[in-house]
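Peer 1: give me a model of this one.
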Amino acid sequence: MNLSTDDEVSSFQTGFALRPDLVFPVRSPDDVVAAVRHAAEANLPVSVLATGHGLPGAVEGGALISTRHMDRVTIDPEARTARLQAGVRWGQVVEAAEPYGLAPLNGSAPGVGAVSYTLGGGLGILAREFGYAADHVRSLDVVTGDGRPRHVTAESDLYWGLLGGGRHLGVVTELEIGLVPVRTLYGGSLAFDGREVGPAAALRAYGEWTRTVPSTLTSSFAAVPYPDVPALPPHLRGRYVLSVRVAYTGADGDRLLAPLREIGPVLADSLREMPYADSRTIHSDPDFPHSYYGDSAVLSELDVERAGELLERTGPDAGAMVVVQINHLGGALARPAPNSVPYREGRFLVRLLTGGERRQARELLDPAFGLLAPVTLGRSVNFAFGAGDRTEGLYDAGTRERLAGLESRYDPASLFSRSVSA
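Peer 2: Have a look, this model is predicted:
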């Protein structure tokens, strides 16, 4: 247990300062127990850092527990399960499971921390077929705010609270998750020039198409105004790119995607059969640390007129680069599960991401989300980047009340409710 170092507080998210009074670079559950107990004795709020992709805000003072050194993955191919330590990244799990023809319910970026992602619900690339990553957790090992290590299964109310609302209940040191028998998939993206086809028209076509696809197909619509810089590929440089990203485990992908090709001239087409290990290429998320601010809205329906206006406001003339992503929900995501992941009735998730200073970002994004207010159910905790000071809408009233009761039982000193984690 050492004082803070640059290495231990470095994060994928570079926009928020991490300046704790103490940092604990833990390597075992015993280290986590000691760190939590030390923080409780000193009355220090506790933050937890794995990879820092989803940081909800800055860390000023208190104790920071860095779990990046706890990175062991263990696969049980017979049981189709994996045990993941707190600092494991999804790319490690995909690689470890692949030789057995199995796959985890990971997200689009291999560098994201598997545990923190799952505690927030976990909306993955095969989500409509298999549900949230949280729905496939067998057990958790956690050190709660009272300094006690606990093994938690579905029979415990703590299991319900950790999976969806785990940020304020303790430090999860290990997860046991179920894997799915997926070796290959049909996936990739279709990209169009937004200035040629028009964002509203493309979105309308996408929305109509989602009504026809099976639950074995998971997709998203994205709109990105790329800057004109040499570092980008020529087909993206300076363009306003609209794209549909797809992951499908069926055999007739070309037939299902045919209606989308009628949107207009295709700028780029990466749709193909691929080994699951290549699924990271579907979205090709940036893999370098950078600064970003963002938020989300879970929608009861896709109001194309309102969403089209949102695209106009966030397009090339917005005054700043805004990345829009609209995820198609439903399917297995709507099934009830014994966890606190809310808004399962949602039909779409809208995510907006931008750079710059937080105040300026909110001045740009908040009015855009305001357009969707009539069809907004709430927000997603996994996509509240830099919005950690805004808790409204993260949970429905019943879930919020039940989580508050668990926090008072398992974190009596409010060590975690005064902090941020990712």
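Peer 1: stretch 345-359 spans what distance, first to last residue?
Peer 2: Its first and final residues considered, stretch 345-359 spans 32 Å by Cα to Cα, to the nearest Å.
Peer 1: same deal with stretch 329-339?
Peer 2: Stretch 329-339 has an end-to-end distance of 18 Å (Cα to Cα).
Peer 1: what about the protein, any weak spots by pLDDT?
Peer 2: Along the chain, the parts satisfying pLDDT under 70 run over 1-5, 166, 387-389, 418-422.
Peer 1: now do the helices in the chain.
Peer 2: In the chain, the helices defined using DSSP state H lie at 6-9, 29-42, 90-97, 114-119, 127-130, 157-165, 194-197, 199-210, 253-257, 304-314, 358-371, 397-410.
Peer 1: of those helices, which stretch is the most buried?
Peer 2: Ranked by mean neighbour count, these are led by helix 114-119 with a mean of 29 (mean count of other Cβ atoms under 10 Å). Using the backbone N, CA and C atoms, a C-beta is placed for each residue, glycine as well.
Peer 1: helices and strands around it, which ones?
Peer 2: Where contact means 3 or more Cβ pairs under 8 Å, 6 or more residues apart in numbering; DSSP states H and E, helix 114-119 is packed against strand 81-85, helix 90-97, helix 157-165, strand 170-178.
Peer 1: let me have the ones you listed in TSV, extended by distance to Gln13.
Peer 2: TSV is the format used below for the helices and strands packed on helix 114-119 (distance: least, Cβ to Cβ, whole Å):
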stretch	distance to Gln13
strand 81-85	21
helix 90-97	17
helix 157-165	21
strand 170-178	19
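Peer 1: which of those sits closest to Leu55?
Peer 2: The closest of the helices and strands packed on helix 114-119 to Leu55 is strand 170-178. By Cβ to Cβ, the value is 16.1 Å.
Peer 1: just the C-alpha atoms of the closest one, please, in CSV.
Peer 2: Written as CSV, here are the backbone C-alpha positions of strand 170-178 (Å, rounded to 0.1, in the frame of the first residue of the first chain):
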residue,chain,number,x,y,z
GLY,A,170,-18.3,-2.5,-2.4
VAL,A,171,-15.3,-3.7,-4.3
VAL,A,172,-15.9,-6.8,-6.4
THR,A,173,-12.7,-8.8,-6.5
GLU,A,174,-13.9,-11.6,-8.7
LEU,A,175,-16.8,-12.6,-10.9
GLU,A,176,-17.9,-16.0,-12.2
ILE,A,177,-19.8,-15.6,-15.4
GLY,A,178,-21.5,-17.9,-17.9
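Peer 1: check the offset of that strand from the chain's centre.
Peer 2: Distance of strand 170-178 from its chain centroid, counting by Cα atoms, centre = their mean, to the nearest Å, is 17 Å.
Peer 1: which strands and helices sit next to it?
Peer 2: Strand 170-178 packs on helix 29-42, strand 81-85, helix 114-119, strand 137-144, going by 3+ Cβ pairs under 8 Å, 6+ apart.
Peer 1: export the ones you listed to TSV and tack on distance to Ala127?
Peer 2: Converted to TSV, the helices and strands packed on strand 170-178 look like this (distance: least, Cβ to Cβ, whole Å):
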stretch	distance to Ala127
helix 29-42	30
strand 81-85	18
helix 114-119	12
strand 137-144	15
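Peer 1: so for Gly188, which of these sits nearest?
Peer 2: Gly188 lies closest, by Cβ to Cβ, to one member of these: helix 114-119, at 22.4 Å.
Peer 1: and the closest one, how far out from the chain middle?
Peer 2: Chain-centre distance of helix 114-119: 8 Å, with Cα atoms, centre = their mean.
Peer 1: now do stretch 271-279
Peer 2: The mean C-alpha position of stretch 271-279 is separated from the chain mean by 21 Å, Cα atoms, centre = their mean.
Peer 1: can you check stretch 88-102 too?
Peer 2: 18 Å.
Peer 1: again with stretch 404-422
Peer 2: Counting by Cα atoms, centre = their mean, stretch 404-422 is centred 21 Å from the centre of its parent chain.
Peer 1: neighbours around Pro227, how many?
Peer 2: 11 (other Cβ atoms under 10 Å).
Peer 1: and it, what is it in contact with?
Peer 2: Pro227 makes contact with Arg237, Gly238, Met321 under the criterion Cβ atoms under 8 Å, 6 or more residues apart in numbering.
Peer 1: what's the answer for Asp269, then?
Peer 2: So Asp269 contacts Gly188, Ser189, Leu190, Ala191 (Cβ under 8 Å, 6+ apart).
Peer 1: out of these, which end up buried?
Peer 2: Among the contacts of Asp269, those scoring as buried are Gly188, Ser189, Leu190, Ala191 (criterion: 16 or more other Cβ atoms under 10 Å).
Peer 1: returning to what we had before: and of the helices and strands packed on strand 170-178, who's closest to Val197?
Peer 2: Val197 sits nearest to helix 114-119 of all the helices and strands packed on strand 170-178, at 33.0 Å, using Cβ to Cβ.
Peer 1: so Ile75 versus Ala200, what's the distance?
Peer 2: 46 Å (Cβ to Cβ, to the nearest Å).
Peer 1: ugh, wrong one, I meant Arg27
Peer 2: Applying Cβ to Cβ to Arg27 and Ala200 gives a distance of 52 Å.
Peer 1: please apply the same query to His283.
Peer 2: Going from His283 to Ala200 by Cβ to Cβ gives 23 Å.
Peer 1: can you check Ser408 too?
Peer 2: Distance, Ser408 to Ala200, using Cβ to Cβ: 47 Å.
Peer 1: and for Phe130?
Peer 2: Distance from Phe130 to Ala200, counting by Cβ to Cβ: 32 Å.
Peer 1: now do Leu49
Peer 2: Taking Cβ to Cβ, one finds Leu49 at 40 Å from Ala200.
Peer 1: which one of the helices and strands packed on strand 170-178 lies closest to Thr314?
Peer 2: Smallest distance to Thr314 across the helices and strands packed on strand 170-178 (Cβ to Cβ): 25.2 Å, for helix 114-119.
Peer 1: contacts for the closest one, please.
Peer 2: With contact meaning Cβ under 8 Å, 6+ apart, helix 114-119 is reached by 48, 50-51, 53-54, 67, 84-90, 92-93, 104, 106-107, 133-134, 137, 162-164, 166-167, 172, 175, 177, 382, 421-422.
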